[in-house]
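J.: take this sequence and fold it.
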Amino acid sequence: MFPESDAISQRPNDRVERQLVVRLVALARETGSDVPEVIADRLLVAAHVALFSNPGLAGLCLGIKELDCEWDIEDADATAAAIPARYQITYRTLASDISQQG
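T.: Residues are numbered from 1 along each chain as shown. Next comes the predicted model:
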């Protein structure tokens, strides 16, 4: 998982609503009879389920939204595949201190 961007969407009162976009990449290598694309797809599904099992991330954010997924398989090499997906995490901080939840 890699951070892509962090943007301010609103500034209500002394709070700042932010949108963090993260890129999740499922990487897989060929194992026996399974092709890398199938394994990477299973990994992506498992990661998606884990992210949305607690969409508020135990109170750390306002919510998670799936943005997109690139189904064009990125061939890492002859026996590996990578499938990237992007998610937006909305959270709030104090305007005066970005390290504090708002």
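
J.: residues making contact with the one helix or strand Lys65 maps to?
T.: Following DSSP states H and E, one finds Lys65 within strand 63-69. The contact list for strand 63-69 (C-beta atoms under 8 Å, 6 or more residues apart in numbering) reads 21, 44, 48, 51-52, 55-57, 83-90. In this view, the C-beta of every residue, glycine as well, is placed from N, C-alpha and C.

J.: can you give me how far that strand is from the chain middle?
T.: Relative to the chain's own centre, strand 63-69 is displaced by 7 Å; criterion: C-alpha atoms, centre = their mean, to the nearest Å.

J.: mean confidence for stretch 26-40?
T.: Throughout stretch 26-40, pLDDT has a mean value of 85.

J.: now the end-to-end length of it.
T.: 5 Å (C-alpha to C-alpha, to the nearest Å).

J.: Leu24: neighbour count?
T.: 18 (other C-beta atoms under 10 Å).

J.: need phi/psi at it.
T.: phi -110, psi 130 (degrees, to the nearest 10).

J.: which residue ranges of the chain form strands?
T.: Using DSSP state E, the strands of the chain run over 2-10, 15-29, 63-69, 74-77, 80-94.

J.: what bits of this structure have low per-residue confidence?
T.: 72-78 (pLDDT under 70).

J.: quick one: closest of the strands of the chain to Pro36.
T.: strand 80-94 (3.6 Å; C-beta to C-beta).

J.: buried ones in stretch 5-24, by neighbour count?
T.: Applying a neighbour-count criterion of 16 or more other C-beta atoms under 10 Å, one finds Val16, Glu17, Arg18, Gln19, Leu20, Val21, Val22, Leu24 buried in stretch 5-24.

J.: coming back round to it: make TSV out of the strands of the chain and add distance to Ala40.
T.: Compiled in TSV, those are given as follows (distance: least, C-beta to C-beta, whole Å):
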stretch	distance to Ala40
strand 2-10	16
strand 15-29	4
strand 63-69	11
strand 74-77	9
strand 80-94	5
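
J.: CA atoms only: put the strand holding Lys65 into CSV for me.
T.: Extracted in CSV, the C-alpha atoms of strand 63-69 (Å, rounded to 0.1, in the frame of the first residue of the first chain):
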residue,chain,number,x,y,z
GLY,A,63,-14.9,6.5,5.8
ILE,A,64,-13.3,4.7,2.9
LYS,A,65,-14.3,4.8,-0.7
GLU,A,66,-13.1,2.6,-3.6
LEU,A,67,-11.9,4.8,-6.5
ASP,A,68,-10.8,2.5,-9.2
CYS,A,69,-8.9,-0.7,-10.1
